[in-house]
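# Got a predicted model here, sequence first, then my questions.
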Amino acid sequence: MIPYGHQSISNADIEAVTSVLKSDFLTQGPQVPLFEQSIANLTQSKFAVAANSATSLLHAACIALDVSKNDIVWTSPISFVASSNCALYCAAQIDFVDIDPETANICPIALAAKLVIAEKNNKLPKVIIVVHIAGHSCDMTPIAQLARQFDIKIIEDAAHAIGGHYLEHPIGSCRYSDITVFSFHPVKIITTAEGGVATTNDPLLAKSMAMTCSHGITKNHNEFTEFEQGAWYYEQQSLGFNYRMTDLQAALGNSQLNQLSTFVNKRNALALRYQQQFKNTQINVITPLEGTLSAYHLLLIKLPQHCDRKYVFDEMRKAGIGVHVHYIPIHLQPYYQGLGFKTGDFPLAEAYYQSCLTLPLFPDLTVDEQNVICAKLKELVQ
């Protein structure tokens, strides 16, 4: 089976992890702060905080932005459930903004219209979590302008987008947001097995996220509220969690970062080849905005209306091609329907879901494998 995504592990990666296994530190050692600094340098942000997953950091980001009961958070319905669950962890209310069907990202026009109505009803969100689906950046300029106009904080869910750019700036620079969160799950652009990093330019947000990820504890004597009793002393100053990244994970991440640009270039080359293969067909490839560089975590297509997506999916799988679907609209999940959401609430997201399909895309995908994928799909879509 050709998978839809797969990690690329080199001998250098293996040696990096092995070196940590032979060292004195497996968990809280030198590799984690090195990884954090490397991500900050890469994204041109001031601070980076590593954790055991992007989900944990979305939660920590909401806490840092003081999301709590009676607050409202908006996000995209086309994402993994972590993008909205993080607000519910904080007892906030969640709502969604419909997508632009051409990009599958939050539509700035729909966002503007919804904000005007929300302001009239005194139900403005405290935070908007924008999702860079497939690694394709949302159109952050109008979104950031709206956030400033309505005094709203922005979290970029950039789980798919490490190594990408919006206009001239790396995704994660936080020029258009308060916090950006990356994922390093094995199918993502680079991997730490499991893990994530949040970037920000605000020292207070960075401190809050770091403490949330480590039990709410500080060991910095400059931050102590009580008299320091000795070198062993630490203080729990807030309620936190054990969301820490290990040195093993960070060592893998540090090694993988050496290949990030190569991985992104290969993904873009493969994506361009898919576009060329489907140029004169009814298969519509979702592409990034002009003036951006996508990390191309996923290759998303929309099938023509006459196609039975389930039939195409099943036949591709039977042929050994690991297609997938990204994503079931969050508001259609049973749990969210229990919160009051229903079919018809976000029609453009629902229409996208009915026709979308994810094709295999990863750096080690060969031209021969890609030819097999394209030939089979074109055979099924006639």
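Cool, got the structure. Remember, it's a predicted structure, so these values are computed and weren't measured experimentally.
# which secondary structure element contains the closest residue to Asn258 other than its chain neighbours?
Distances taken as CB to CB, 6 or more residues apart in numbering place Ala12 nearest to Asn258, at 7.2 Å, with adjacent residues excluded. Every residue, glycine included, has its C-beta placed from N, CA and C. Secondary structure from DSSP states H and E places Ala12 in helix 11-21.
# what helices or strands is that helix leaning on?
Judged by 3 or more CB pairs under 8 Å, 6 or more residues apart in numbering; DSSP states H and E, helix 11-21 is in contact with helix 247-257.
# so what secondary structure elements neighbour the very next helix or strand once past the helix it packs on?
Counting by DSSP H and E, the next helix or strand C-terminal to helix 247-257 is helix 260-277. For helix 260-277, the contact count by 3+ CB pairs under 8 Å, 6+ apart identifies strand 284-285, strand 299-302, helix 367-380 as packing neighbours.
# Quick one: neighbours of Gly340, just the number.
Residue crowding around Gly340 was assessed by other CB atoms under 10 Å; the count is 8.
# let me fix that: Val81
Val81: 15 surrounding residues under other CB under 10 Å.
# Arg309 now?
Neighbourhood size, Arg309 [other CB under 10 Å]: 16.
# From what I see, it and Tyr352 are in contact.
No: assessed by CB atoms under 8 Å, Arg309 is found out of contact with Tyr352, at 11.5 Å.
# Looking at strand pairing, list the partners for Ile99.
Note on Ile99: beta-bridge partners by DSSP bridges are Ile106.
# So for whichever strand or helix holds Phe313, mean pLDDT?
Per DSSP H and E: Phe313 is located in helix 309-318. Averaged across helix 309-318, pLDDT comes to 98.
# What lies in contact with it?
Taking contacts as CB atoms under 8 Å, 6 or more residues apart in numbering, the residues outside helix 309-318 that touch it are 1, 303, 323, 325, 354-357, 373, 376-377, 380-381.
# Can you name the two of those residues that sit furthest apart?
Met1 and Gln354 (24.9 Å; CB to CB).
# what's whichever strand or helix holds Tyr352 in contact with?
Element membership of Tyr352, judged by DSSP H and E, is helix 347-355. Defining contact as CB under 8 Å, 6+ apart, one finds that helix 347-355 is touched by 76-78, 96, 98-101, 104, 107, 110, 302-305, 307, 309, 325, 327-329, 331-332, 343-344.
# Please apply the same query to stretch 113-125.
Contact partners of stretch 113-125, identified using CB under 8 Å, 6+ apart, comprise Asp71, Ile72, Val73, Trp74, Asp95, Val97, Leu146, Gln149, Phe150, Asp151, Ile152.
# In terms of residue numbering, what are the domains of this protein?
Following the assignment in automatic domain parsing, the chain carries domains at 11-257, 260-380.
# For Gln28, give me phi and psi.
Torsion angles at Gln28 (phi, psi; degrees, to the nearest 10) stand at phi -100, psi 80.
# roughly how far apart are the residue sitting furthest away from the middle of the chain and Gly216?
Relative to the mean C-alpha coordinate of the chain, counting by CA atoms, centre = their mean, the farthest residue is Gln229 (41.9 Å). Computed as CB to CB, to the nearest Å, the Gln229 to Gly216 distance reads 19 Å.
# rewinding a little: assign the residue farthest from the centre of the chain to helix, strand or coil.
Following DSSP: H, G, I helix; E, B strand; the rest coil, we place Gln229 in the coil state.
# check contacts around the spatially most central residue of the chain.
Centroid-nearest residue in the chain: Ala159, 1.7 Å away (criterion: CA atoms, centre = their mean). Residues in contact with Ala159 (CB under 8 Å, 6+ apart) are Ala54, Phe80, Ala82, Val131, His132, Val181, Phe182, Ser183, His185, Lys188, Gly196, His297.
# can you map out the helices along the protein?
Ranges of helices within the chain are 11-21, 31-43, 54-64, 82-89, 108-120, 140-150, 203-212, 247-257, 260-277, 309-318, 334-337, 347-355, 367-380, based on DSSP state H.
# winner for burial among these?
With neighbours defined as mean count of other CB atoms under 10 Å, those peak in mean count at helix 54-64, which reaches a mean of 27.
# Could you tell me the angle between it and helix 82-89?
Calculated by axes from the mean of the first three to the mean of the last three CA atoms, to 10 degrees, helix 54-64 forms an angle of 40 degrees with helix 82-89.
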